[in-house]
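1. Provide a 3D model corresponding to the input given below.
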Amino acid sequence: MIGSASVVALMSFSHIAKTEVMERFQEVGVNTVQIEADFTASQGLDALRLDTTLRDDPQVDAMGNMAIGQGYVRVGNESLSAAIAAVSPDILDMLHLATVQGRNLTRLDGCNGAVVLGAKLAKDARAGTGDTAYIEGYGFQIVGVFPFTEQQALNPVNPDQTAFIGLECSRRVVRKLGITHALVRVGEGRDPSEWAENARNDLMQQGQTVAVRTSKDMIAAMNSQMNLMSAILVAIGSVSLLVGGVGVMNVMLMSVMERRKEIGLRAAIGATPNEIVFIFIVEAVALSVGGGLIGALVGVGLTALGCVFLPISFVFDPMVLVWGTAIAASVGLVFGIHPAVSASRILPVEALRAD
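-> Sure thing, here's the model as predicted:
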């Protein structure tokens, strides 16, 4: 029961972690590509080259640019270090960032001094819509505040701690000239990895050194890492299963010692050694399945309880119950073989005489 509960709890947490990761990728779409400028260069990405090379590509459904920097945001007497993201409105749409207060940035804003703050930044600065925020000495009016948002896949900034301004204002407050990142959503049915490699080659031929990342590639890499971590966690939890298996074996050996008369009587009236082995193996497996099933339910309960105190949502995977019970049954089968074989080797005459 204890071993099964440990394994099931670890498997459940692993499944929840994978689900959380997949949800974050689905927010931006699995066919999204991130293009990042080479930060060793003095210049960022050229907007005109991006438009002519990528935006006009018929395989592209949507595209947005952003320039990222670090600076100080001052509202009233509060001055905080924060990420500054000069973005095109397309980026906000692709990231599904909608304001909880005020409005979002639009194409009409341009560089008119509008800014939208992340939830944590606004809370720490004690700022709200209508206030004036000074970013690197320039005054911006807060037109909106985003809700608390978890870190998104392929989003180079944490929305909660970022000030978003129009892309046209990037030269004022972002020290690095040019665009630092671009997000591209490739059309359905197209291979994002193949498209990303072609785009990287096209930009490099134009003198733009870039790095490309796709949701598909990042999901594959993270799944590989998570599978490895899951295997390690299950291996750790299996130690308690081995201890439980030894306990099952000891219980069955004691049972064999206490039931010598029964074993001898069964053998005397015609039970074969194989039948006696079968009887004790069934008992061992039944003992393990019972404990394994109870342990699996306990493990799921512990996982649900843990999610209450952790910033993750509980997701039930019925397969963990199956796997937990099956593993426990397998342990019972393996550790029940020795007692069963010992029982089958008891001679009827010796067993009845000893009684």
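2. which stretches of the stretch 151-300 of the chain form helices?
-> Listed in chain order, the helices of the stretch 151-300 of the chain (DSSP state H, counting those that start in this stretch) span 170-173, 192-205, 215-258, 260-268, 273-309.
3. Met1 is nearest to which of the ones you listed?
-> Comparing the helices of the stretch 151-300 of the chain by their distance to Met1 (C-beta to C-beta), the top pick is helix 273-309, with 3.9 Å. All C-beta atoms are positioned from the backbone trio N, CA, C, and that covers glycine.
4. and the closest one, which residues are buried?
-> For helix 273-309, a neighbour-count test (16 or more other C-beta atoms under 10 Å) marks 276-277, 279-281, 283-285, 287-289, 291-300, 302-303, 307 as buried.
5. returning to that earlier point: can you lay out the helices of the stretch 151-300 of the chain as JSON lines showing distance to Pro156 and mean pLDDT?
-> Formatted as JSON lines, the entries for the helices of the stretch 151-300 of the chain read as follows, by distance: least, C-beta to C-beta, whole Å; pLDDT from 0 to 100:
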{"stretch": "helix 170-173", "distance to Pro156": "14", "mean pLDDT": "79"}
{"stretch": "helix 192-205", "distance to Pro156": "16", "mean pLDDT": "81"}
{"stretch": "helix 215-258", "distance to Pro156": "13", "mean pLDDT": "78"}
{"stretch": "helix 260-268", "distance to Pro156": "71", "mean pLDDT": "82"}
{"stretch": "helix 273-309", "distance to Pro156": "29", "mean pLDDT": "85"}
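6. so which of those is nearest Val60?
-> Closest of those to Val60 is helix 192-205, at 8.4 Å (criterion: C-beta to C-beta).
7. and the contacts of that closest one?
-> The list of residues contacting helix 192-205 from outside it, by C-beta atoms under 8 Å, 6 or more residues apart in numbering, reads 30-33, 35, 45, 49-50, 53-54, 57, 59, 184, 186, 210-217.
8. let's go with 7 Å and repeat that
-> Contacting residues not belonging to helix 192-205 are listed as 31, 33, 35, 53-54, 59, 186, 210, 212, 214-217 [C-beta atoms under 7 Å, 6 or more residues apart in numbering].
9. quick check, nearest of the residues you listed to Phe314?
-> Sorting the contacts of helix 192-205 by how near they are to Phe314, with C-beta to C-beta, puts Ser215 at the top with 24.8 Å.
10. if I look at Thr255, how far off is Glu20?
-> Just so we're on the same page, residue 255 is Ser rather than Thr. When C-beta to C-beta, to the nearest Å is the yardstick, Ser255 and Glu20 sit 45 Å from each other.
11. could you report the neighbour count for Pro58?
-> The number of residues packed near Pro58 is 6, by other C-beta atoms under 10 Å.
12. Ser255 and Glu20: which has the busier surroundings?
-> Ser255 (17 against 14).
13. could I get the full set of helices for the stretch 1-150 of the chain?
-> Taking DSSP H, counting those that start in this stretch as the criterion, the stretch 1-150 of the chain contains helices spanning 2-28, 47-50, 89-94, 119-125.
14. tell me how many other residues surround Arg49.
-> 15.
15. quick one: residues contacting it.
-> The neighbours of Arg49, taking C-beta under 7 Å, 6+ apart as the test, are 206, 208.
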